[in-house]
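# Need coordinates for the following:
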Amino acid sequence: MLQDAYMITQTSSFIKWFIKHETSAGIVLLIMTVLALIISNSSVSVEYFNILEKYITLQLGGFYMKLSVFHWINDALMAVFFLVVGLEIKREFLEGELSRPKQALLPIVAAVGGMLVPALIYVLINIDTPETLKGWAIPSATDIAFSIGVLSLLGKRVPLSLKVFLVALAIIDDLGAIVIIAIFYSTEMNLSYLFLMFASFALLLVFNKNGVKTSLPYIIVGLFMWYFTHESGIHATISGVLLAITIPHKKDGTHRTSLLKKIEHSVAPYVSFIIMPIFAFANAGVNLEGVTFVQVLDKVTLGVLLGLFVGKQLGVFAFSIAAIKLGWADKPKNCTWINLYAVGVLTGIGFTMSLFVGNLAFPNSPFMDEVKIGVLLGSLLSTLLGYGMLMASTKKNAKH
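Numbering: from 1, shown residues only. A predicted model of the protein is given here:
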């Protein structure tokens, strides 16, 4: 009984820490986004884009890599981001909000709806343009930091159960994005490096099975696995998730913190306050010179914009209602239908994840400017409507 109470307290404390953590991170992301937009439309925009395109070589013994600054950020730094996401997903399924089937089902079903409907909207808009169809997954993602940050601005007016629902939904959304990247956005495979990648993963599993509880062996093999993954043709960020799967996390009946939690808590601040802001600064820059209303109505822009702003809210809410009405899941405690719909609107804040998928779908393509405009507009509209609905509905609830 005492152990159960301790675990509930620990889980609740982590969720509160995560929400507080992501609120601050959302503010930092917003600042870096605005800064990127200002610089990319200023007199130093040429220097900004030139720096991102500059190549940096890293050589260690027989290992040699030459990538642009942009790709070091998106392939290497983002692998660390996906490591943290993977750790969050694993912990949630083992002991958190996703460990109990009925409680886990609502955010899982909602996330599925929030991925399918936006993708369908994008496809319907781009159905007769084959070269833009591969961007179908761009509006399917949710930015954890921004969405939680907006929700948390309302403080205690929003029930904790609703925040937990959004955290779980966003994490599952990221899991969906990882699967999509692995299946649809990997290039031609190099079987030799693919074998080395799986060999590294197998070695990490051996570490886990034999009770290795220090981080250094996992980090060393994980770095090799990242290199092998990159060279294999699978997107390098997948290595972060594979590493997360192997990190041990077992409840031993004591108050000792597992290696998974130690790594998650120590790495997460760097991801939120260094890696993600750098990613936002490198990816949000778009030169708006010459952008017209006609360009906003281009198929890629419109597909991303409507996918995020319309598709996300409809998909999340419709699938949530279905799961609750069919008795598969329970509605979050102290939460009205309007509150739940507003959270669905907030999942339309795609930002970093949508930009990331966009760069995979349209590498070095002029379509990326349209993607950025669609992501920024869709995320902005979702922020304003979601926040406004929650302000109105929670204020109304507070009076009764």
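# which residue packs closest to the residue nearest the centre of the chain, ignoring adjacent ones?
For the chain, residue 174 is the residue whose C-alpha lies nearest the centre (Cα atoms, centre = their mean; 4.4 Å). Leaving aside its sequence neighbours, residue 174 sits nearest to residue 85 (Cβ to Cβ, 6 or more residues apart in numbering; 4.8 Å). Quick note: C-beta positions are derived from backbone N, CA and C, even for glycine.
# Find the helix or strand that the one you found is a member of.
helix 78-95 (DSSP states H and E).
# Could you list the buried residues of that helix?
78-92, 95 (16 or more other Cβ atoms under 10 Å).
# go on, stretch 115-122?
For stretch 115-122, using 16+ other Cβ under 10 Å, the buried residues are 115, 117, 118, 119, 121, 122.
# Need the nearest residue in space to residue 137, chain neighbours excluded.
residue 180 (4.8 Å).
# And the residue nearest to the centre of the chain, how far from residue 262?
Remark: distance between residue 174 and residue 262 (Cβ to Cβ, to the nearest Å) = 21 Å.
# Equivalent analysis for residue 198, please.
26 Å.
# ok, residue 386 touching residue 346?
Yes - contact criterion Cβ atoms under 8 Å: residue 386 and residue 346 qualify, at 3.8 Å.
# which neighbours do those two share?
Residues touching both residue 386 and residue 346 by Cβ atoms under 8 Å, 6 or more residues apart in numbering: residue 150.
# So which of the two has more stuff around it?
residue 346 (29 against 24; other Cβ atoms under 10 Å).
# Can you give me the separation between that one and residue 315?
Distance of residue 346 to residue 315, computed by Cβ to Cβ: 13 Å.
# same check, this time on residue 80
Using Cβ to Cβ, we find residue 80 at a distance of 29 Å from residue 315.
# what does residue 223 give?
In terms of Cβ to Cβ, residue 223 sits 38 Å off from residue 315.
# the more surrounded of those two?
Neighbour count, other Cβ under 10 Å: between residue 223 and residue 315, residue 315 has more, with 27 against 17.
# Make sure that one is actually in contact with residue 121.
No - assessed by Cβ under 8 Å, residue 315 is found out of contact with residue 121, at 9.1 Å.
# any common contacting residues for those two?
Common neighbours of residue 315 and residue 121 (Cβ under 8 Å, 6+ apart) do not exist.
# Just the helices from the stretch 51-200 of the chain, written as ranges.
Remark: helices assigned in the stretch 51-200 of the chain by DSSP state H, counting those that start in this stretch are 69-71, 78-95, 101-126, 130-133, 144-152, 160-184, 191-209.
# and these, which is most packed in?
Most buried of the helices of the stretch 51-200 of the chain, by mean neighbour count (mean count of other Cβ atoms under 10 Å): helix 144-152, with a mean of 26.
# coming back round to it: of the helices of the stretch 51-200 of the chain, which is nearest residue 340?
helix 160-184 (7.5 Å; Cβ to Cβ).
# how far is the closest one from where the chain is centred?
Helix 160-184 sits 7 Å away from the centroid of its parent chain (Cα atoms, centre = their mean, to the nearest Å).
# what's the answer for stretch 221-241, then?
18 Å.
# can you check stretch 269-282 too?
Worked out by Cα atoms, centre = their mean, stretch 269-282 lies 13 Å from the chain centre.
# for the record, mean pLDDT for that stretch?
The average pLDDT within stretch 269-282 is 87.
# Tell me where the stretch 301-400 of the chain has strands.
According to DSSP state E, counting those that start in this stretch, the stretch 301-400 of the chain carries no segments that qualify as strands.
# where are the low-confidence patches of the stretch 251-400 of the chain?
Along the stretch 251-400 of the chain, segments meeting pLDDT under 70 span 251-255, 290-295, 395-400.
# where exactly do the helices run in it?
Using DSSP H, counting those that start in this stretch, helices in the stretch 251-400 of the chain cover 259-270, 276-283, 293-296, 299-306, 312-325, 337-346, 351-361, 367-399.
# Please identify which of these is closest to residue 192.
helix 351-361 (23.2 Å).
# In contact with residue 217, which residues are there?
residue 207.
# Which residue is the nearest non-sequential neighbour of residue 246?
Per Cβ to Cβ, 6+ apart, closest to residue 246 is residue 204, 3.7 Å.
# same deal with residue 238?
residue 182 (5.3 Å).
# Isn't that neighbour up against residue 235?
Yes - look at residue 182 against residue 235 with Cβ under 8 Å: they come within range, at 7.1 Å.
# re earlier: which pLDDT value goes with the residue nearest to residue 174?
Reported pLDDT for residue 85: 81.
# OK, contacts around it?
Contacts of residue 85 (Cβ under 8 Å, 6+ apart): 171, 174, 175, 178, 240, 241, 244.
# Which of those residues sits closest to residue 274?
Taking the contacts of residue 85 together and measuring to residue 274 by Cβ to Cβ, the closest member is residue 240, at 15.5 Å.
# Help me confirm that the closest one is found in a helix?
Yes - Residue 240: assigned to a helix according to DSSP: H, G, I helix; E, B strand; the rest coil.
# contacting residues for it?
Counted by Cβ under 8 Å, 6+ apart, residue 240 has contacts 78, 79, 80, 81, 82, 83, 84, 85, 86, 226.
# which one of those residues sits closest to residue 392?
residue 85 (32.1 Å).
# does residue 66 really touch residue 72, like I thought?
No - in this structure, residue 66 is not within contact of residue 72 by Cβ under 8 Å, at 10.1 Å.
# Who has more neighbours out of those two?
residue 72 (18 against 10).
# Skipping its backbone neighbours, what lies nearest the more buried one in space?
residue 56 (6.2 Å).
# For the one you found, name its beta-bridge partners.
residue 67 (DSSP bridges).
# burial count for it?
11.
# how near is it to residue 264?
29 Å.
# do the same with residue 232
Distance, residue 232 to residue 264, using Cβ to Cβ: 26 Å.
# Repeat that for residue 34.
In this structure, residue 34 lies at 29 Å from residue 264, with Cβ to Cβ as the measure.
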